[in-house]
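Undergrad: Sequence isn't available, so here's the structure alone:
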């Protein structure tokens, strides 16, 4: 017979929150460099500096994605404040 104990209150919310935050990482890994690529390519076409700005903005995209991923991981590791859950 299965164990019919009640689940602990609030624990599922934390797991879903972490899953939601960490689930955005693959999207961010792709979006930052892609946006940097297109901005750099557009600027290169306007200013005639190909491929300098494309490479520069691609690197900026990777850096921005890395910083955002770091922030997301830190946020996922945090324990939520109990007063926020009660409201």
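TA: On my side now, so go ahead. Everything numeric in this text was worked out from a predicted model, so none of it was measured.
Undergrad: Quick check: which ranges of this structure have low pLDDT?
TA: Applying pLDDT under 70 to the chain flags residues 1-12, 80-87.
Undergrad: pull the longest helix from it.
TA: helix 52-77 (DSSP state H).
Undergrad: Now stretch 47-55: buried residues?
TA: 53-54 (16 or more other Cβ atoms under 10 Å). In this view, the C-beta of every residue, glycine as well, is placed from N, C-alpha and C.
Undergrad: Counting neighbours, what do you get for residue 32?
TA: Around residue 32 there are 21 other residues, counting by other Cβ atoms under 10 Å.
Undergrad: mind checking which helix or strand it is in?
TA: Taking DSSP states H and E as the criterion, residue 32 maps to helix 25-47.
Undergrad: Contacts for that helix next, please.
TA: 49-62, 64-65, 68-69, 72-73 (Cβ atoms under 8 Å, 6 or more residues apart in numbering).
Undergrad: Spell out which residues sit in contact with residue 61, please.
TA: 32-37.
Undergrad: mind redoing it with 7 Å?
TA: 32-33, 35-37 (Cβ atoms under 7 Å, 6 or more residues apart in numbering).
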